[in-house]
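Novice: This is a predicted model, with the sequence first.
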Amino acid sequence: MPTQLTLRGTCKSYGDRLVLDQVSFSVRPGERVGIVGENGCGKSTLLRLIAGIEKADDGEITVAAGGGVGHLGQTLGLPADHTVQHAVDAALAELRAMETRMRELEADLTEDRLAEYGDLLSVYEARDGYGADARVDKALHGLGLAHIDRDRRLGSLSGGEQARLGLACLLAASPEIMLLDEPTNHLDASSMDWLEERLRAHTGTVLAVSHDRFFLTRVATSILDVEGGAVTRFGGGYAGFLTERAAARQRWEQAYADWREEIGQVEAFAATTAHRVAHGRDIKDRNKMAYDRNAGRVQSSIAGRVRQAAERLRRLQGNPVPRPPEPLRFSGLFDEGTADGTLVELRDVRVGDRLTVDAFTVEPGRRLLVRGPNGAGKSTFLRILAGDLEPGRGVVRRRGRIGYLSQESVFARPEQTVLKAFAESRAGYLEEHRARLLSLGLLRADSLGTPVGALSIGQRRRLALARLLTGEADLLLLDEPTNHLSPTLVEELEQALDAYRGAIVVVSHDRALRGGFTGTEIEIRDGRLVADRLSKEN
């Protein structure tokens, strides 16, 4: 099958920061490609280059799409005084222009204009231009915007409503190639279901940046992994991507083990075998005369063996196989709590009009998933449990060590380096902390001297996670822990949580995490804690 999109040796930098380095891959017509990677790695840049919004510094980008290319950024990009109808008209402008030109040609359809008319009609029908207005209505309804009047000004819409409007307009325009940057942001469950079905039914090509593993599983037929300026392509959808990443990890671990074993063998040979007269034969009284007669040849042989061993060792040490990072693992003291077996207890707690909790306890080993709509009070609830926020009234009792991952990953001293922020308030030398941080594989060695304030939001999230992993807690309080992390890192995080023996209270909109969570679900609705809804504990 021919390719529809090809990148060859594509490079892109911003100042002295190289974002994409010699990127090459191709996409066939009809593929649905998921693009994954850490925040700030270049995923959005890749889409903008393909869309022609930005120019590459070097390399070649070829796009063949007679049915057009549509790009959805993370912001709508229209003036605040424009209306919803303006946004719809802008999205359908290309189809409207084609329709206008066809009417002009129909008015005087001479032979020399017939070919142009035929070409336009073919493209217009391929994009179902006649059904564009109906698609607008369907998309607005499917994405929860049917109640918004077309004369409503964009500035009066929330950020989430603007994002959904941009998505609805692009889907209605139905270009042959859709470039979508985090399309599931700001969508509820029913809207995400609708979007996934719509993209699966699209006859053209889709490239979508997403952190949503459920979306990637349902929609993507292949994956592009952006990491360290490079882009690696994986077939077999998201499941194939995970399988190949796991296999690559096994190959890395085996290569490291082989390298270590070979170094040990060469060092042992240099220390022992190379200094023997012959393999397995030491100098003894009965062969001493023979040794004396051949001393020169024997010494030359020994020297040769030593040189060969030293050279082999030099090459091995000069081309080391990096040690694979340790699997993520939470550690804790696993205190049994108070005499009545509780780690945290809330009684008659009130936080203004944001949260009301009459009675709540967390026992050792308990696993709780907190659900509820945005603004219901979930983050406030976690902050009270963590001691990050004091209630206006009520009693809060805590026992044991608490690890808290806030949603924002804010650090009090942004001027501190990454290493010093990691080591903050912890005993030990900086070099010890450096080794521990690097062993997690969450941050690169060349970033440890960077001020925390200069990190991307994804890097700050990794630093906060690194402190949590190494902090020994009896209770983990996690507010949207999968935000701003790559899908592969989220998979590792879930495995670490599954193996953790302490108590967990987690707030998450991540459908994959929620679907695989084993524990008790509780709900916060309108600032009040609702009784347990569902227990999935084994």
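Specialist: Right, received. Where do you want to start? Computed from a prediction, not measured in an experiment: that's the story for all the values here.
Novice: Low-confidence ranges, the stretch 101-250 of the chain, go.
Specialist: Scanning the stretch 101-250 of the chain for pLDDT under 70 picks out no residues.
Novice: And for the chain?
Specialist: Looking at the chain by pLDDT under 70, you get 1, 273-302, 332-340, 531-538.
Novice: do that again at 80, thanks
Specialist: For the chain, the stretches flagged by pLDDT under 80 are 1-2, 39-40, 74-77, 111-112, 270-306, 331-341, 374, 531-538.
Novice: domains for it, by residue range?
Specialist: Using automatic domain parsing, the domain parsing of the chain gives 5-244, 247-318, 344-535.
Novice: Could you export those domains as TSV, including mean neighbour count?
Specialist: From N, CA and C alone the C-beta is placed, and that goes for glycine too. TSV is the format used below for these (neighbours: other CB atoms under 10 Å):
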stretch	mean neighbour count
domain 5-244	17
domain 247-318	12
domain 344-535	18
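Novice: now those domains as CSV including distance to residue 324?
Specialist: Output for the domains of the chain, formatted as CSV (distance: least, CB to CB, whole Å):
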stretch, distance to residue 324
domain 5-244, 15
domain 247-318, 5
domain 344-535, 8
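Novice: can you tell which of those is closest to residue 329?
Specialist: Of all those, domain 344-535 sits nearest to residue 329, with 5.5 Å by CB to CB.
Novice: From the chain's centre, how far out is the closest one? Work that out for me.
Specialist: 18 Å (CA atoms, centre = their mean, to the nearest Å).
Novice: And for stretch 225-243?
Specialist: The answer for stretch 225-243 is 12 Å, by CA atoms, centre = their mean.
Novice: what does that stretch contact?
Specialist: Here stretch 225-243 makes contact (CB atoms under 8 Å, 6 or more residues apart in numbering) with 7, 18-25, 34-38, 41-43, 46, 213, 216-217, 220-224, 244-245, 487-488, 491.
Novice: ranges for the strands of the stretch 151-300 of the chain?
Specialist: 177-181, 205-209, 222-227, 230-235 (DSSP state E, counting those that start in this stretch).
Novice: Let me know which of those strands is the nearest to residue 510.
Specialist: strand 205-209 (16.4 Å).
Novice: Tell me which residues touch residue 382, please.
Specialist: By CB under 8 Å, 6+ apart, the contact set of residue 382 is 370, 388, 404, 406, 477-479, 505, 507.
Novice: again, but for residue 507
Specialist: 369-370, 378-379, 381-382, 407, 478-480.
Novice: what about stretch 502-520, start to end distance?
Specialist: 15 Å (CA to CA, to the nearest Å).
Novice: what's the answer for stretch 39-46, then?
Specialist: 13 Å.
Novice: how far does stretch 44-63 stretch from start to finish?
Specialist: 17 Å.
Novice: Name the residues that touch that stretch?
Specialist: Against stretch 44-63 from outside (CB under 8 Å, 6+ apart): 4-13, 19-20, 22-24, 35, 69, 71, 73-74, 177, 179-181, 207, 209, 224, 226, 231.
Novice: just stretch 103-119 next, same as before
Specialist: 102, 120.
Novice: Now do that stretch: distance to the chain's middle.
Specialist: That offset, for stretch 103-119, works out to 50 Å (CA atoms, centre = their mean).
Novice: How about stretch 52-64?
Specialist: Distance of stretch 52-64 from the chain centroid (CA atoms, centre = their mean) equals 25 Å.
Novice: I'd like the numbering to begin with 226 instead of 1 from here.
Specialist: Sure, I'll start counting at 226 from here, so that last one is stretch 277-289.
Novice: Endpoints of it, how far apart?
Specialist: Using CA to CA, the two ends of stretch 277-289 sit 13 Å apart.
Novice: and what of stretch 636-654?
Specialist: End-to-end span of stretch 636-654 (CA to CA): 21 Å.
Novice: Give me the angle between the longest helix seen in the chain and strand 447-452.
Specialist: When the chain is parsed with DSSP state H, its longest helix is helix 462-496. Helix 462-496 runs at 50 degrees relative to strand 447-452, counting by axes from the mean of the first three to the mean of the last three CA atoms, to 10 degrees.
Novice: Report the angle between helix 462-496 and strand 455-460.
Specialist: 120 degrees.
Novice: how about the helices of the stretch 226-375 of the chain, start to end?
Specialist: 268-276, 309-316, 318-332, 336-351, 357-367 (DSSP state H, counting those that start in this stretch).
Novice: In a markdown table, list those along with distance to residue 656.
Specialist: Formatted as a markdown table, the helices of the stretch 226-375 of the chain follow (distance: least, CB to CB, whole Å):
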| stretch | distance to residue 656 |
| --- | --- |
| helix 268-276 | 35 |
| helix 309-316 | 55 |
| helix 318-332 | 60 |
| helix 336-351 | 63 |
| helix 357-367 | 56 |
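Novice: Of the ones you listed, which is nearest residue 546?
Specialist: helix 268-276 (28.6 Å).
Novice: quick one: the closest one to strand 402-406, angle?
Specialist: Helix 268-276 runs at 160 degrees relative to strand 402-406, counting by the same axes, to 10 degrees.
Novice: Could you tell me the angle between helix 268-276 and strand 430-434?
Specialist: If you take the same axes, to 10 degrees, helix 268-276 sits at 150 degrees to strand 430-434.
Novice: Mind telling me which residue is nearest the centre of the chain?
Specialist: residue 711 (1.5 Å; CA atoms, centre = their mean).
Novice: quick one: it and residue 260, what's the gap?
Specialist: Residue 711 sits 11 Å away from residue 260, taking CB to CB, to the nearest Å as the criterion.
Novice: returning to that earlier point: so for residue 541, which of the helices of the stretch 226-375 of the chain sits nearest?
Specialist: So among the helices of the stretch 226-375 of the chain, helix 268-276 is nearest, using CB to CB, at 36.8 Å.
Novice: now for the helices of the stretch 226-375 of the chain, which one comes closest to residue 660?
Specialist: Among those, helix 268-276 sits nearest to residue 660 (CB to CB), with 31.0 Å.
Novice: roughly how far out does stretch 312-325 sit from the chain middle?
Specialist: On CA atoms, centre = their mean, the centre of stretch 312-325 falls 35 Å from the chain's centre.
Novice: hmm, who's touching that stretch?
Specialist: Counting by CB under 8 Å, 6+ apart, 293, 295, 301, 303, 345, 348-349, 352, 354, 357, 361, 375, 379, 390-391, 394-395, 397-398, 400 sit against stretch 312-325.
Novice: Could you work out the end-to-end span of that stretch for me?
Specialist: 19 Å.
Novice: In terms of helices and strands, where is residue 628?
Specialist: strand 627-630 (DSSP states H and E).
Novice: helices or strands next to the very next helix or strand once past that strand in the packing?
Specialist: Downstream of strand 627-630, the next assigned helix or strand under DSSP H and E is helix 643-648. If you count contacts as 3 or more CB pairs under 8 Å, 6 or more residues apart in numbering; DSSP states H and E, helix 643-648 packs onto helix 655-665, helix 682-694.
Novice: which residues are in contact with helix 643-648?
Specialist: 636, 638, 655, 658-659, 662, 668, 672-677, 680, 688, 691-692.
Novice: which residues are in contact with stretch 376-389?
Specialist: 299-301, 303-312, 368-370, 373, 390, 410-412, 416.
Novice: distance of residue 386 from residue 301?
Specialist: 10 Å.
Novice: make that residue 401, sorry
Specialist: In terms of CB to CB, residue 401 sits 22 Å off from residue 301.
Novice: Residue 738 too?
Specialist: 29 Å.
Novice: for residue 587, same thing?
Specialist: 42 Å.
Novice: Ok, residue 680 next?
Specialist: 28 Å.
Novice: Over to residue 735?
Specialist: 25 Å.
Novice: same check, this time on residue 438
Specialist: Residue 438 is 26 Å from residue 301, by CB to CB.
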